[in-house]
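*Asks:* Need a 3D model of the following:
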Amino acid sequence: MGDLVQSLMVVNEEIGFYEKNLVPGLFLIGLLQSEAVFASEKLSFSIDGKKTEFVWFKEQSITISASCVKSGQIKKCQAKQALDNVKSSLLEKEHFGRNPGTMLCSEQLKGTVVWAKDKSGNERTFCKFSDGSLVGSGSLFFYGNKNSR
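*Replies:* I've put the predicted structure just below:
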């Protein structure tokens, strides 16, 4: 069984995340674990001069604060609840070039839009909630569209 598990999970030590190979046995292991663990990458941004850690789940199009992630799973936090409930269909049709993810944050979810910089100086926006959790504005827009279908 150890060889099977080793062949299913490849540890990429350079960026510190697990990548699952698509093989038939994966479904069985997923049932045994009861929850899927998705490939993720740790990201770090500076917000108001303070280093803030995030986890990026590429396949799910989610960038969320590390405080919302435990053992590779997104746990209950306001940022996760926002992804489950946000709807872009409630946006005004004319948003005059404004970032729709930030509009969803401030207008629909009553969060605070914050600007963040990575170590290369690239800027991104996140939505911050009263529990301190954060989610990328791009993730909000993606799930807003998905939830509006």
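*Asks:* So in this protein, which helix runs the longest?
*Replies:* Looking across the chain with DSSP state H, the single longest helix is helix 137-147.
*Asks:* now could you export just the CA positions of that one as CSV?
*Replies:* What follows is helix 137-147 as a C-alpha-only set of coordinates in CSV (Å, rounded to 0.1, in the frame of the first residue of the first chain):
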residue,chain,number,x,y,z
SER,A,137,-11.0,39.6,-5.4
GLY,A,138,-10.4,37.4,-8.5
SER,A,139,-11.7,34.4,-6.6
LEU,A,140,-14.8,36.4,-5.5
PHE,A,141,-15.6,37.3,-9.1
PHE,A,142,-15.0,33.7,-10.3
TYR,A,143,-17.3,32.2,-7.7
GLY,A,144,-19.8,35.1,-8.1
ASN,A,145,-20.2,34.1,-11.7
LYS,A,146,-20.3,30.4,-10.9
ASN,A,147,-22.9,30.9,-8.2
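*Asks:* from now on call the first residue 168
*Replies:* Okay, residue one is now 168; in that scheme the one you just asked about reads as helix 304-314.
*Asks:* Contacts for that helix next, please.
*Replies:* With contact meaning Cβ atoms under 8 Å, 6 or more residues apart in numbering, helix 304-314 is reached by 228-231, 249-256, 258, 266-269, 271-272, 276, 280, 291-294. For glycine as for every other residue, the C-beta is placed from the backbone atoms N, C-alpha and C.
*Asks:* 10 Å instead, please
*Replies:* For helix 304-314, contacts defined as Cβ atoms under 10 Å, 6 or more residues apart in numbering pick out 223-224, 227-231, 246, 249-258, 266-273, 275-276, 278, 280-281, 291-294, 302-303.
*Asks:* Helices - which of those residues land there?
*Replies:* Per DSSP H, those map to helices at Ala246, Ala249, Leu250, Asp251, Asn252, Pro267, Gly268, Thr269, Met270.
*Asks:* Can you pull out the low-pLDDT segments for this structure?
*Replies:* 168-205, 259-263 (pLDDT under 70).
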